[in-house]
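Asks: Sequence first, then the predicted structure:
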Amino acid sequence: MGCVLWLEGDLLKAIVTKFLVAAGIQSMTAVSPNPQSVSAPAFCDGIQYFSETVPGFDVYGKAPVIGEGQTAIADLTDPIAAYQTLLYADALRYLILQVTASKASGHPGGFASQAEAYAALVMLGYKNIITEVGHHAPGFYSAMFLDRSLEDMGITTVQQLRDRFREQHGLLGHLSGLIPGILAPAGPLGQGQHFAMAAALLHPDQLFPFTVGDGGLGEPYIVSAIAHFHTAYPNATNFLPVLVWNGFSQEHHSMVSLKTNEQMEAYWRGNGFEQVVLIDAKDFDDQNQPGAYVDNTAFSFEQRLAFGRAVLAKTNAAARSALGGKLTVLIIKQLKGAGVHARGAKSHNLYAQHTLDNPDIIAALHTRALSPAAWSLVRTNCERSSGGPASKTAVTESVLPLADLGRLPLEEFTVGGEPKVSTTAMGKLVAAVGQADAGFVVTNADGNEASGIANINQALKIIHPTEDPLYDQKPGGQVYEPLSEDACAGLAAGLALMGSRSLWCSYESFAINGLPIWQTVTQAMAELRRPTPATVTLFTAGALEQGRNGWTHQRPEIEAYFAAMMRNGNVFPLFPPDANSIQACYDWALTQKNKGVVITASKSPLPIRTTFEQTQQAIAHGAITLHESSGSKTVVFAVIGDMTLIPVFEAATQLEATGFGVRIVSVISPRRLYRPSDVAWSLCSETDGGFLSDTEFNALFGSDALIGVTGGASGMLEPIMLRSTANRDTFAWKRGETTASSGALMAVNGITASALAERAVALMS
């Protein structure tokens with residue numbers, strides 16, 4: 001029978017009984033004293049405790065309620081449906097606790113308090129389930145195990161589930177892009193709604209429930225993001241927030257724990273929800289549990305069954321409402337930790353003492369133990385739901401077909417000709433993408449027109465309930481403009497993760513507010529098991545163009561964020577120096593898979609310095625030489641950005657006048673300039689191992705002196721400074737200030753032609 005362990009000895013039994021009574025738990029099961037009489041399915045190998053029987057099983061467990069060839073419960077009023085839904089919920093609780101206790105690590109309490117709601121969704125045939133709560137990961141893994149999704153990663157038994165929980169190449173502590181059947185990652189709070197809404201937009205015939213913790217409800221993003229989305233896309237209501245209202249957050253009572261049911265309903269209605277469906281376990285309690293939050297696993301058998309019927313009926317009503325065009329929320333109100341080792345915030349996290357030998361853990365596992373026949377029944381229902389394992393049926397388990405873009409209207413300007421606005425040149429291409437791909441969405445919180453890309457609005461129109469041609473706005477447009485960078489980044493990155501094309505535009509100054517979810521998505525893309533379009537951004541109106549606005553609009557420190565992310569292996573910041581280069585950069589970005597591509601450019605007219613071919617070469621090799629002269633000694637300026645080239649070319653003129661040679665190198669893709677060992681590229685599912693060789697690096701940057709110049713964070717120059725052996729220095733952003741021009745602002749930060757020339761002479765001396 002493998003590694004099946006049994007509770008033996010009067011002393012140990014007495015300990016367990018004591019803890020059961022102390023916890024006020026009424027078990028649905030009785031642990032078998034005779035292991036030899038039990039024959040369990042092979043997948044149960046590793047289950048610590050079985051029961052001989054489960055109350056009511058002989059009446060309600062004779063056959064799976066989801067029949068062969070069916071995808072969901074046929075009759076919600078049948079007591080068998082409620083009973084087997086509860087059985088599934090208890091199976092989830094058992095696995096959550098045994099798996100987490102096997103590592104004395106993880107989070108069982110939150111998912112346990114809404115296990116019935118999750119079970120009901122699955123039994124109703126819905127498996128495109130997302131979460132906003134990373135701490136629910138053990139529950140999702142247990143669900144993916146029960147419907148056989150985890151077999152795609154070689155997990156076929158409970159023992160393997162235990163072994164690979166919280167291990168590298170296994171089941172990460174929080175949901176990621178690696179796990180079969182899991183639609184989206186979950187880490188920081190306040191992100192899950194973006195994935196659900198993006199998926200709802202792409203798949204209008206499917207329901208996308210996502211769980212929200214009442215601890216996470218304090219994040220301002222969740223409801224505000226939904227409100228704007230619903231205004232922009234009033235018909236896309238096929239996502240369903242499932243509020244897990246259990247009274248506690250991670251370490252204390254939740255901030256909404258004192259709200260009454262009426263107040264909670266008013267909160268959601270006040271935020272635009274037409275339908276609020278509330279399931280309160282307190283309404284079914286027959287054990288006189290104190291407080292507003294109770295545990296249904298302590299009810300009598302009859303009341304548990306009544307609760308199960310209510311959960312099924314109300315979950316079904318909420319699902320049909322959401323699919324039927326009403327903005328709907330489902331709320332399950334039940335004590336945190338229901339049915340596991342502890343209650344309240346104490347159930348949230350396991351600590352070092354919570355091993356499988358801990359009396360609290362043993363008592364809880366005994367209480368939730370199922371018979372082998374019950375495990376088999378649960379597994380069959382899970383397999384049949386939705387037509388098969390989530391790893392085969394979830395929308396993210398296949399590549400989304402995309403429209404053919406054809407040939408983009410690239411326009412190559414003459415080098416040395418009339419200055420052009422880079423962002424406007426890219427905007428023309430973005431418009432063409434949107435016109436060819438109806439699913440393409442552009443997001444911007446601060447306005448495209450202010451970033452030199454009004455042509456995007458003119459072609460694709462801002463999504464707005466008020467139609468007004470003066471402002472290029474109308475219902476059904478493709479430009480999404482909430483006044484929230486989180487909502488912008490969330491929808492754009494979520495669409496890319498779900499398989500669609502998108503573009504997030506922002507002022508560099510404000511983009512930092514949207515980066516947490518963009519980072520989550522790009523990290524998930526690095527390990528995603530299918531190819532998906534790169535998540536692409538355009539950051540404009542950088543610090544150097546915001547002199548009059550002062551430091552509030554001058555935050556190029558954001559580049560330090562991307563500089564660090566470059567080492568992930570799939571993040572590519574691009575710095576096109578002109579209007580030709582930006583077109584080539586965007587053209588390349590549109591062909592990339594599972595990458596995060598960050599394009600940063602100015603909205604001011606600037607000289608044309610490169611050809612398309614030069615940028616294509618720089619994208620492959622990292623940089624391109626823009627200017628070279630010979631002299632007694634040579635200094636190389638490695639320049640990131642476009643406006644920063646202006647003082648560098650002036651410095652070159654001064655140095656050449658005194659007999660020095662100068663090479664100006666435009667660094668367009670700094671990630672290519674790292675050494676392969678610096679970057680975790682080989683760990684990415686869609687690998688990109690393109691790096692500049694030592695010979696090529698020396699040809700570009702070898703010199704008597706090297707000066708790195710950037711209008712942003714100095715960290716972006718790290719790849720060059722790591723490899724160069726020349727005397728070297730950096731000129732970079734220090735801090736913001738109110739000035740009359742970009743030149744004056746660069747002077748505040750020490751980036752002037754005279755300072756560059758003076759430092760070059762010193763280094764060469």
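Replies: Sure thing, it's come through.
Asks: all strands for the stretch 251-400 of the chain, in order.
Replies: If DSSP state E, counting those that start in this stretch is used as the criterion, the strands of the stretch 251-400 of the chain fall at 275-280, 328-333.
Asks: Centre of the chain to the first one, how far?
Replies: Just to be clear, that refers to strand 275-280. 27 Å (Cα atoms, centre = their mean, to the nearest Å).
Asks: Report the buried residues of that strand.
Replies: For strand 275-280, a neighbour-count test (16 or more other Cβ atoms under 10 Å) marks 275-280 as buried. (C-beta placed from N, C-alpha, C; glycine too.)
Asks: For residue 585, find the nearest of the strands of the stretch 251-400 of the chain.
Replies: For those, proximity to residue 585 was assessed by Cβ to Cβ; strand 328-333 is nearest, at 41.6 Å.
Asks: Assign residue 442 to helix, strand or coil.
Replies: The assignment at residue 442 comes out as strand when based on DSSP: H, G, I helix; E, B strand; the rest coil.
Asks: What count of nearby residues applies to it?
Replies: Counted with other Cβ atoms under 10 Å, the neighbours of residue 442 add up to 30.
Asks: Test my guess that it contacts residue 456.
Replies: Yes - applying Cβ atoms under 8 Å, one finds residue 442 in contact with residue 456, separated by 5.8 Å.
Asks: out of the buried residues of strand 275-280, who's nearest residue 404?
Replies: Among the buried residues of strand 275-280, and counting by Cβ to Cβ, the member closest to residue 404 is residue 275, at 39.6 Å.
Asks: which ones are touching that closest one?
Replies: Going by Cβ atoms under 8 Å, 6 or more residues apart in numbering, residue 275 touches 318, 321-322, 326-329.
Asks: Who does it form a beta bridge with?
Replies: Under DSSP bridges, the beta-bridge partners of residue 275 are residue 328.
Asks: Report the backbone C-alpha coordinates of the one helix or strand residue 619 maps to in CSV.
Replies: Residue 619 belongs to helix 612-621 when assigned by DSSP states H and E. Output of helix 612-621 as CSV, limited to C-alpha atoms (Å, rounded to 0.1, in the frame of the first residue of the first chain):
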residue,chain,number,x,y,z
PHE,A,612,16.5,50.5,-39.8
GLU,A,613,19.4,48.1,-40.5
GLN,A,614,21.5,49.6,-37.8
THR,A,615,18.8,49.2,-35.1
GLN,A,616,18.2,45.7,-36.2
GLN,A,617,21.9,45.0,-35.7
ALA,A,618,21.8,46.7,-32.3
ILE,A,619,18.7,44.7,-31.2
ALA,A,620,20.7,41.6,-31.9
HIS,A,621,24.1,42.8,-30.5
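Asks: buried ones in it?
Replies: Here helix 612-621 shows 612, 614-619, 621 as buried, counting by 16+ other Cβ under 10 Å.
Asks: contacting residues around it?
Replies: Against helix 612-621 from outside (Cβ under 8 Å, 6+ apart): 410, 412, 574, 576, 580-581, 583-585, 588, 610, 624, 666, 668-669, 672, 690, 692, 696.
Asks: tell me the SS of residue 637?
Replies: The three-state label given to residue 637 by three-state DSSP is strand.
Asks: what's it in contact with, if anything?
Replies: Counting by Cβ under 8 Å, 6+ apart, residue 637 makes contact with 648, 651-652, 662-665, 707, 709, 756, 760.
Asks: Go through those and name the one nearest residue 491.
Replies: Closest approach to residue 491 among the contacts of residue 637 (Cβ to Cβ): residue 709, at 35.2 Å.
Asks: Please name the bridge partners of the closest one.
Replies: For residue 709, the beta-bridge partners are residue 639, residue 731 (DSSP bridges).
Asks: So residue 174 is in contact with residue 187, correct?
Replies: Yes - with contact defined as Cβ under 8 Å, residue 174 reaches residue 187; the gap is 5.1 Å.
Asks: which residues are common contacts for these two?
Replies: Residues touching both residue 174 and residue 187 (Cβ under 8 Å, 6+ apart) are residue 134.
Asks: Pull out the buried residues from the contacts of residue 275.
Replies: 318, 321-322, 327-329.
Asks: Between all of the residues you listed, which two are at the greatest distance?
Replies: The widest separation within these (Cβ to Cβ) is 11.1 Å, between 318 and 327.
Asks: Give the buried residues for stretch 722-737.
Replies: Buried positions in stretch 722-737, judged by neighbour count with 16+ other Cβ under 10 Å: 723-724, 726-728, 730-733, 736.
Asks: Turn the buried ones among the contacts of residue 275 into JSON lines, including pLDDT and distance to residue 396.
Replies: Formatted as JSON lines, the buried ones among the contacts of residue 275 follow (pLDDT from 0 to 100; distance: Cβ to Cβ, whole Å):
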{"residue": "318", "pLDDT": "98", "distance to residue 396": "23"}
{"residue": "321", "pLDDT": "98", "distance to residue 396": "24"}
{"residue": "322", "pLDDT": "98", "distance to residue 396": "19"}
{"residue": "327", "pLDDT": "98", "distance to residue 396": "23"}
{"residue": "328", "pLDDT": "98", "distance to residue 396": "23"}
{"residue": "329", "pLDDT": "98", "distance to residue 396": "23"}
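Asks: and of those, the nearest to residue 417?
Replies: Closest approach between these and residue 417, by Cβ to Cβ: residue 327, at 52.4 Å.
Asks: just to revisit the earlier point, for the buried ones among the contacts of residue 275, could you give me JSON lines that also reports distance to residue 361?
Replies: Below are the buried ones among the contacts of residue 275 laid out as JSON lines (distance: Cβ to Cβ, whole Å):
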{"residue": "318", "distance to residue 361": "34"}
{"residue": "321", "distance to residue 361": "39"}
{"residue": "322", "distance to residue 361": "37"}
{"residue": "327", "distance to residue 361": "41"}
{"residue": "328", "distance to residue 361": "37"}
{"residue": "329", "distance to residue 361": "34"}
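Asks: from those, which is closest to residue 253?
Replies: Distance from residue 253 was checked for each of these by Cβ to Cβ. The minimum falls on residue 329, at 21.4 Å.
Asks: tell me the contacts of that closest one?
Replies: Contacts for residue 329 (Cβ under 8 Å, 6+ apart) come out as 240-243, 268, 273, 275-277, 318.
Asks: for residue 487, same thing?
Replies: By Cβ under 8 Å, 6+ apart, the contact list for residue 487 reads 194, 221, 224-225, 228-229, 443, 445, 514.
Asks: Write the PyMOL selection for whichever of these are buried.
Replies: In PyMOL, selecting the buried portion of the contacts of residue 487, with burial taken from 16+ other Cβ under 10 Å, looks like this:
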select buried, resi 194+221+224+225+228+229+443+445+514
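Asks: Between the contacts of residue 487, which sits nearest residue 479?
Replies: If you rank these by distance to residue 479 using Cβ to Cβ, residue 443 comes first, at 7.7 Å.
Asks: what's the burial count for the nearest residue to the closest one once chain neighbours are set aside?
Replies: Closest residue to residue 443 apart from its sequence neighbours, by Cβ to Cβ, 6 or more residues apart in numbering: residue 488 at 3.9 Å. Using other Cβ under 10 Å, residue 488 has 32 other residues around it.
Asks: is it fair to say residue 488 lies in a helix?
Replies: Yes - under three-state DSSP, residue 488 falls within a helix.
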